[in-house]
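[1] Okay, here's the prediction I keep looking at, along with the sequence it came from:
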Amino acid sequence: MLKLRDNPTLKDFQNYVAQMKLERGFNLTDKFYECCLFAEECGELISAVRKNNKSGSIGTGSVAGNVAEELADVFIYLCSLANMHNVDLEQSFRDKEEKNKHRVWKKL
């Protein structure tokens, strides 16, 4: 039975997603397909943000999406893609941020 421990680390989330996908019989090997699903979820997140924007508009019969749920879906697919590529997201974040600290950032 799936259980995410209290105060989980990023690695705990990655492990949970791996176990969840195994238990539910979801895709474990097709990286391109998983990337497409990730992009689809990103699109749903963008749509939810747009529809919740006070200056945005939505069509008749359309409802504003749940940004929190869409962010969770994006996070699940991000963890899944990281797992498929044997990437430790926490370490990857730390490594990339060290590089970013030495970059010169231009404000537009």
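    Structure received.

[2] And the helices in this protein?
    Along the chain, the segments classed as helices by DSSP state H run 10-24, 31-52, 67-84, 89-101.

[3] Most tightly packed of the ones you listed?
    helix 67-84 (a mean of 17; mean count of other C-beta atoms under 10 Å). C-beta here means a position set from N, CA and C on the backbone, and glycine is covered the same way.

[4] Tell me where the model's unsure across this structure.
    55-64 (pLDDT under 70).

[5] The helices of the chain: which one's closest to residue 2?
    Judged by C-beta to C-beta, the one of the helices of the chain that comes nearest to residue 2 is helix 10-24, at 5.6 Å.

[6] Next, report how far the closest one is displaced from the centre of its chain.
    13 Å (C-alpha atoms, centre = their mean, to the nearest Å).

[7] same question, stretch 19-38
    The answer for stretch 19-38 is 13 Å, by C-alpha atoms, centre = their mean.

[8] export the helices of the chain to a markdown table and tack on distance to residue 108?
    A markdown table is the format used below for the helices of the chain (distance: least, C-beta to C-beta, whole Å):
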| stretch | distance to residue 108 |
| --- | --- |
| helix 10-24 | 30 |
| helix 31-52 | 21 |
| helix 67-84 | 25 |
| helix 89-101 | 17 |
